[in-house]
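Enquirer: Pasting the sequence and the predicted model now:
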Amino acid sequence: DSGVTQTPKHLITATGQRVTLRCSPRSGDLSVYWYQQSLDQGLQFLIQYYNGEERAKGNILERFSAQQFPDLHSELNLSSLELGDSALYFCASSVETGLAGLTDTQYFGPGTRLTVL
Amino acid sequence: AQKVTQAQTEISVVEKEDVTLDCVYETRDTTYYLFWYKQPPSGELVFLIRRNSFDEQNEISGRYSWNFQKSTSSFNFTITASQVVDSAVYFCALSVRRVNQGGKLIFGQGTELSVKP
């Protein structure tokens, strides 16, 4: 158990709908990362938040958005869902020093499997 | 741009055989970090090791060992005396730390290891 929790574990929805994925980082970790794992794209970085602020952005679609709350949990919002959004969505957390030249180990949650029908 | 290549898509071995998973990375940065993660059939991503670019010492942890060679930009992973429980997808990942650019992980495509009894 990494200490990172994600809910829900599974989500089945229809095209055009909107869903929210939730993540709680490990105790003491300030950074939260979101990744998407799909068969065709592999594991892709979406976005990172550090202590409530956006820190880095990857290939995240405009239909997707995220935020990190004062208690450090994060939510990933996916809207106008398409069939191609079906994937496993991972959240990871790290201490994140925020200093240049240093990087921390990211610990991953169990993932949320999204199926868009 | 950074890139990670795991040329072996699938490997199948018989229990007790040794197996090496290859990882080749590309980056122009002098400071970077390399990781290996394991994804068992249950789906979660489990952290195995982190190595920074200034530490080329090989590491051994039980049946696992890692060989980091900057000259060939490789960070290979060897499992000695493989066991059925080692069956999983293994990912190599790269992180480049730059000021105000976060710590995203760039993953390879993964190598699916199947260990048969």
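Expert: Here it is on my side, so go on.
Enquirer: In chain A, what residue lies closest to chain B?
Expert: Scanning chain A for the residue nearest chain B gives A:Ala56, at 2.7 Å (criterion: Cβ to the nearest Cβ). Where you see a C-beta, it was placed from the backbone N, CA and C, and this is true even at glycine.
Enquirer: In which helix or strand does that residue reside?
Expert: In this structure, A:Ala56 sits in strand A:53-57 according to DSSP states H and E.
Enquirer: ranges for the strands of chain A?
Expert: A:5-7, A:10-13, A:19-24, A:31-38, A:42-50, A:53-57, A:64-68, A:74-78, A:87-94, A:107-108, A:112-116 (DSSP state E).
Enquirer: Give me the residue ranges of chain B where confidence is low.
Expert: Chain B contains residues with pLDDT under 70 at B:99-101.
Enquirer: What ranges in chain A fall below the confidence cut-off?
Expert: A:97-102.
Enquirer: Spell out which residues of it are next to chain B.
Expert: Counting by Cβ under 8 Å from any Cβ of the partner chain, the positions of chain A adjacent to chain B are A:2, A:31, A:33, A:35, A:42-45, A:48, A:50, A:55-56, A:58, A:88, A:90, A:92, A:94, A:96, A:100-111, A:113.
Enquirer: Which parts of chain B are strands?
Expert: With DSSP E as the criterion, chain B has strands spanning B:3-5, B:10-14, B:19-21, B:24-26, B:32-39, B:46-52, B:59-61, B:64-69, B:74-79, B:88-96, B:106-107, B:111-116.
Enquirer: Span of stretch B:26-42 from start to end?
Expert: Stretch B:26-42 has an end-to-end distance of 30 Å (Cα to Cα, to the nearest Å).
Enquirer: let me fix that: stretch B:47-56
Expert: First residue to last in stretch B:47-56 (Cα to Cα) measures 19 Å.
Enquirer: buried sites along that stretch?
Expert: With burial defined by 16 or more other Cβ atoms under 10 Å in any protein chain shown, the residues of stretch B:47-56 counted as buried are B:Phe47, B:Leu48, B:Ile49, B:Arg50, B:Arg51, B:Asn52, B:Ser53.
Enquirer: number of nearby residues for residue 94?
Expert: All of this is about chain A. Per other Cβ atoms under 10 Å in any protein chain shown, the neighbour tally for A:Ser94 reads 22.
Enquirer: Switch to chain B, please.
Expert: With other Cβ under 10 Å as criterion, B:Leu94 counts 24.
Enquirer: residues touching residue 3, list them.
Expert: Reading this off chain A. Counting by Cβ atoms under 8 Å, 6 or more residues apart in numbering or on different chains, A:Gly3 makes contact with A:Arg26, A:Ser27, A:Tyr107.
Enquirer: Actually, chain B is the one I wanted.
Expert: Contacts of B:Lys3 by Cβ under 8 Å, 6+ apart are B:Tyr25, B:Glu26, B:Thr27, B:Leu94, B:Ile106.
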